[in-house]
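Undergrad: Starting from these lines, generate the structure:
(2 chains, ligands or ions: 2)
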Amino acid sequence: MNSNIVIAVLVSAIGFGTPLVLAGLGELLAERSGVLNLGVEGMMLMGAVTAFFVSQKTHGPTALVLLLAVLASMVAGSAMALIHAVLSITIRVNQIVSGLAVTIFAGIIGLSSYLGQVWNIGGVAGHHQFNGIDLFGLQNLPIVGPIIFSEDAFVYASWVLVLAVLYYLYRTRPGLYLRAVGENPAAADAMGINVTAYRYVHTLIGGALAGLGGAYFTLALAPIWTDGLTAGFGWIAIALVIFAFWRPDLLVLGAYLFGIFSALGPTLETRGITVLPSEFYSALPFLMTVIALAAASTSWANRRVGTPASLGIPYTREEG
Amino acid sequence: MTDSALDAGGDQAAQVAGPHQASGSSASAPGAMPGALAVQAVDMTKRFPGVVANDHVSFEAAEGEVHALLGENGAGKTTLCNLLMGLYRPDEGKLSISGRAVRFHSPKDAQDAGIFMVHQHLRLVDSMTVAENVVLGWSKPRRLRFSPRKVEKAVAEAAERFQMPVDPKARIWQLSLGERQRVEILKALYRGAKILILDEPTTVLTPQEAEQLFSSVRDMAADGRTVIFISHKLPEVLAVADRVTILRQGRSITTVPTAGTDAEHLAGLMVGREVSLEATAKGSEEPGPVVLELAGVSARGDLGTEALKTVTFDVRAGEILGIAGVAGNGQRELAEVITGLRGTTAGEIRIGGTRLPMGDPRAAIDLGIAYVPEDRMGTGISPNLSIAENLMLKSYRGKTMRSGPVLSNRKANANAREMIKRFDVRAPGPRTLVRQLSGGNIQKVLLARELSSEPRVVVAASPTRGLDVGATQYVRQVLVETAQHGVAVLMVSEDLDEIFELSDRIAVFYNGKVVGIVPAAGANRQQIGLMMAGAA
Ligand SMILES: Nc1ncnc2c1ncn2[C@@H]1O[C@H](COP(=O)(O)OP(=O)(O)O)[C@@H](O)[C@H]1O
Ligand SMILES: [Mg+2]
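TA: Residues are numbered from 1 along each chain as shown, chains lettered A, B, ... in the order given. Ligands and ions are numbered 1, 2, ... in the order given. Reported below is the predicted structural model:
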């Protein structure tokens, strides 16, 4: 393997990793508040289809169209998250059931497919797309130039977002309260923190970020809408959060690692290198997901401080 | 205080005081505190489906007073506090703080009025530091930024000022239960608590830690704060409180100054009839041969850490060995290891010389081990089955419950009727569901099942926790009689009085190890307390 291939894989890995970073951060915030959201895949698809619709049907300068499309994807994602929030926080439906219901409702052969059909946007190339930016004019540096300094605005935004979430979680009061809500809602409640509000807000933000992750597919990765195009990335994002012990810094590393696995197959294929059948490469990220989840659920991992202690448990004050 | 929390000015407080004085509290009673009224609760009522937890409860406490709320388990003490804290909304009743009528909608309202509570089950975030817990939800002046270093410094200063020594950087899970409680109190003082409610604060403490707590409580009162001290233990109420309000079955019975009353009198008020606090008579026969033997037993806890560390002791026939220790020092794991519910990592357990296979509860039962677990509703009893069904859970394989290959309802019912009589279970009949019984009667059903199998060893974990005075005495009596019949009894209890009352020998657990084994006769409470704290 020569260095060109390595660079190509890494560039492509950042492409595949970015929706994982976005959706993963969203899931991380929701889980930190104690809400497990298995609706990510559905929310991503809704984000993808709405973003593409807006980008196709709006006319105006590219920057404005893309901005509107991005906003629309976030609204679509959080609308789905609102369903999950009402079901699991207010009505206290089992969070797994509620999240799965959202994915089934919004996902492939669900609402997103239906919208793709009635809006009639399937199978045509997009008019607008996020392009690489020559950041600080360093695009032509060897190796790091193509990998780091020529990404699109989406990627840079995701990096800023990672730093913002890190700062939020560990250096702000609301971040501290959020962690408390996820660890021990009764303690947070007794200290006058509004548990329900924290859970709603972070579940909705999680949905918005999942929608954004979906928009990355149709606005940057490959501007086209096909049914179910997120291809399980929502599930990988959920696994990543566990894999990363609920830490944003580890989440980014994990996302790009999965990006590499996803990038390997296509990159090698376009260069006509066939060491293993292409099915193996497409299965690789999911194989890694299974291994990661199995490893994370061992008692060794359980002992690590990480899992929000109230994750998946609805909160009630136990008043009769 | 928010506007909504304040309904009226001070004039109302004067009005509501009058007619309810009859219910016991009286500002003119001897020993009443001179300070201004801090808390006045009048006719507080809270109903839950099927139970009136607080039925027109009234009491008042002055500034600088330590006021005890005394009552048996289920008397409604915790519910009353939750009403004071705004965690529950009262169905009826009025509450005034410092002479102003208030209505709290959330704990935040109560805290804004200066009322703080240390819950029975501490409300701390285990994975966070002491400092983070102390400032949780509290930012004065309001800030968005959170700087761990600054917060740690502020909390260290507060710890110094209020004489609550604790390391602000330590994570809660690293602390002993006594230290955690100190964090809770510090949290309240840091936020400027004027009224502090302590709900059964001594359950998790060693005797020395309890002494320390009492002296902090007295200091707080001397500073002009009001402490509401909740307990079902008479001696500590007498030791720490100025006045005590007795709750029974959701009602406030009376308020009396502690000077000029005694334990017998308070116990009578608490239970509603004359009680003698005489200790259960212990047999003093020579113990028989060794029945239960542990040799170098180690085991892991739920989190995978070592919970038992080379534990070695034996229990003889006819003997009660009391296991003393602060909760969480390996007692639960010990009971589970002996009953086969938990595997060991080293060592050997022998019953009458036969080696107990590791982690095999069936084998433990067959070797004659009976188990009265700490968590009786979860591990001990199946609440949705009837008394008869629960009684045969261990003996369904035996001939007594069968007609041929099928279980016989007739035999099971007959057996249950006999047990109900023998163990004085207050229940309509054998088909009554266990969850409909009171705590004391559930424990009797459990004892009936375990003891009727004619065990050689009885492992009883906190056998009287949560029971009323009558049931407690009954259970203790049964344990003593069981030992007198030549059974080896191992009793785990966090209640030192119980340990001293029943045990022939006392083994003290600290940090998964046996710190020492002493004969109960002539054992020194102070010494045991120090051992429980790992200091001796
Ligand atoms: N949230 C609740 N729902 C229903 N019943 C309750 C609730 N909390 C307490 N109770 C009932 O109210 C009574 C008083 O309980 P509690 O205040 O906890 O007593 P104490 O603290 O004195 O032991 C008990 O019968 C208890 O079962
Ligand atoms: Mg209570």
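Undergrad: Residue of the stretch 251-400 of chain B closest to ligand 1, please.
TA: At 10.7 Å from ligand 1, B:Met270 is the closest residue in the stretch 251-400 of chain B, using C-beta to the nearest ligand atom. In this view, the C-beta of every residue, glycine as well, is placed from N, C-alpha and C.
Undergrad: quick one: that residue is in a helix?
TA: Yes - under DSSP: H, G, I helix; E, B strand; the rest coil, B:Met270 sits within a helix.
Undergrad: burial count for it?
TA: Neighbours of B:Met270 under the rule other C-beta atoms under 10 Å in any protein chain shown: 23.
Undergrad: Please verify my assumption that it contacts B:Arg248.
TA: Yes - using C-beta atoms under 8 Å, B:Met270 makes contact with B:Arg248 at a distance of 6.3 Å.
Undergrad: Let me see the confidence value for B:Thr344.
TA: B:Thr344 is assigned a pLDDT of 94 by the prediction.
Undergrad: For it, which non-adjacent residue is spatially closest?
TA: B:Ala299 (4.9 Å; C-beta to C-beta, 6 or more residues apart in numbering or on different chains).
Undergrad: Provide the partner residues of the one you found in its beta bridges.
TA: Following DSSP bridges, B:Ala299 is listed with bridge partners B:Leu308.
Undergrad: for the strand or helix carrying B:Val291, the distance to its chain's centre please.
TA: Per DSSP states H and E: B:Val291 is located in strand B:290-300. With C-alpha atoms, centre = their mean, to the nearest Å as the basis, strand B:290-300 stands 28 Å off its chain's centre.
Undergrad: tell me the contacts of the residue of the stretch 251-400 of chain B closest to ligand 1?
TA: If you count contacts by C-beta atoms under 8 Å, 6 or more residues apart in numbering or on different chains, B:Met270 has them with B:70-72, B:75, B:232, B:234, B:246, B:248, B:469.
Undergrad: Where does the prediction get shaky in the stretch 201-350 of chain B?
TA: B:274-285 (pLDDT under 70).
Undergrad: and with 50 instead?
TA: Nowhere does the stretch 201-350 of chain B drop to pLDDT under 50.
Undergrad: what ranges do the helices span in it?
TA: For the stretch 201-350 of chain B, the helices defined by DSSP state H, counting those that start in this stretch occupy B:207-222, B:234-240, B:263-271, B:331-338.
Undergrad: what helices or strands is the shortest one leaning on?
TA: For helix B:234-240, the elements it packs on are strand B:66-70, helix B:207-222, strand B:226-231, helix B:263-271, judged by 3 or more C-beta pairs under 8 Å, 6 or more residues apart in numbering or on different chains; DSSP states H and E.
Undergrad: what do you get if the cut-off is 7 Å, keeping everything else the same?
TA: strand B:66-70, helix B:207-222, helix B:263-271 (3 or more C-beta pairs under 7 Å, 6 or more residues apart in numbering or on different chains; DSSP states H and E).
Undergrad: tilt between whichever strand or helix holds B:Leu186 and strand B:226-231?
TA: For B:Leu186, the enclosing helix or strand under DSSP H and E is helix B:177-190. Orientation check (axes from the mean of the first three to the mean of the last three C-alpha atoms, to 10 degrees): helix B:177-190 against strand B:226-231 gives 150 degrees.
Undergrad: Counting neighbours, what do you get for the nearest residue to B:Arg342 once chain neighbours are set aside?
TA: Residue nearest to B:Arg342 in three dimensions, not counting chain neighbours: B:Glu336, with 3.8 Å by C-beta to C-beta, 6+ apart. Neighbour count for B:Glu336, taken as other C-beta under 10 Å: 24.
Undergrad: quick one: whatever residue of the stretch 351-500 of chain B ends up closest to ligand 1 and B:Val51, what's the gap?
TA: Going by C-beta to the nearest ligand atom, ligand 1 is nearest to B:Gly466 of the stretch 351-500 of chain B, at 8.0 Å. Distance, B:Gly466 to B:Val51, using C-beta to C-beta, to the nearest Å: 16 Å.
Undergrad: now B:Thr379
TA: 25 Å.
Undergrad: try A:Ser278
TA: In terms of C-beta to C-beta, A:Ser278 sits 66 Å off from B:Val51.
Undergrad: Repeat that for A:Met191.
TA: 29 Å.
Undergrad: between these two, which one's more packed in?
TA: A:Met191 (24 against 14).
Undergrad: re the thing from before, hey, which of the helices and strands packed on helix B:234-240 is tucked in deepest?
TA: strand B:66-70 (a mean of 28; mean count of other C-beta atoms under 10 Å in any protein chain shown).
Undergrad: In its sheet, which strands sit next to it, and in what direction?
TA: Partners of strand B:66-70 in its sheet, by DSSP bridges: strand B:226-231 (parallel), strand B:243-248 (parallel).
Undergrad: Turn those into CSV, columns for mean neighbour count.
TA: As requested, the strands paired with strand B:66-70 are arranged in CSV below (neighbours: other C-beta atoms under 10 Å in any protein chain shown):
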stretch, mean neighbour count
strand B:226-231, 26
strand B:243-248, 25
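Undergrad: could the ones you listed go into TSV alongside distance to ligand 1?
TA: Putting those into TSV (distance: least, C-beta to the nearest ligand atom, whole Å) gives the following:
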stretch	distance to ligand 1
strand B:226-231	7
strand B:243-248	7
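Undergrad: Nearest to B:Arg100, out of those?
TA: Closest to B:Arg100 of the strands paired with strand B:66-70 is strand B:226-231 (C-beta to C-beta; 14.6 Å).
Undergrad: centre of the chain versus that closest one, how much separation?
TA: 16 Å.
Undergrad: circling back to that earlier point, between B:Met270 and B:Arg248, which contacts overlap?
TA: Common contact partners of B:Met270 and B:Arg248 (C-beta atoms under 7 Å, 6 or more residues apart in numbering or on different chains): B:Gly71.
Undergrad: Give me the number of neighbouring residues for residue 44.
TA: Since no chain was named, I'll use chain A. 40.
Undergrad: try again with chain B
TA: Residues near B:Met44, counting by other C-beta under 10 Å: 24.
Undergrad: now the one 3 residues further on
TA: Residues lying near B:Arg47 (other C-beta under 10 Å) number 16.
Undergrad: Find the nearest non-adjacent residue to it, please.
TA: With C-beta to C-beta, 6+ apart, the residue lying closest to B:Arg47 is B:Asp91, at 5.4 Å.
Undergrad: The residue of the stretch 101-250 of chain A found nearest ligand 1 in helix, strand or coil?
TA: Nearest to ligand 1 in the stretch 101-250 of chain A, going by C-beta to the nearest ligand atom, is A:Ala186, at a distance of 12.7 Å. Here A:Ala186 is helix, with the state taken from three-state DSSP.
Undergrad: show me the contacts for it.
TA: B:Arg123.
Undergrad: quick one: it from B:Glu306, how far?
TA: Per C-beta to C-beta, A:Ala186 is found 29 Å from B:Glu306.
Undergrad: and if you look at B:Leu238?
TA: 40 Å.
Undergrad: Listing partners with orientation, what would you give for the helix or strand containing B:Val39?
TA: Counting by DSSP H and E, the element that carries B:Val39 is strand B:37-48. For strand B:37-48, the paired strands and their directions (DSSP bridges) are strand B:51-62 (antiparallel), strand B:92-97 (antiparallel).
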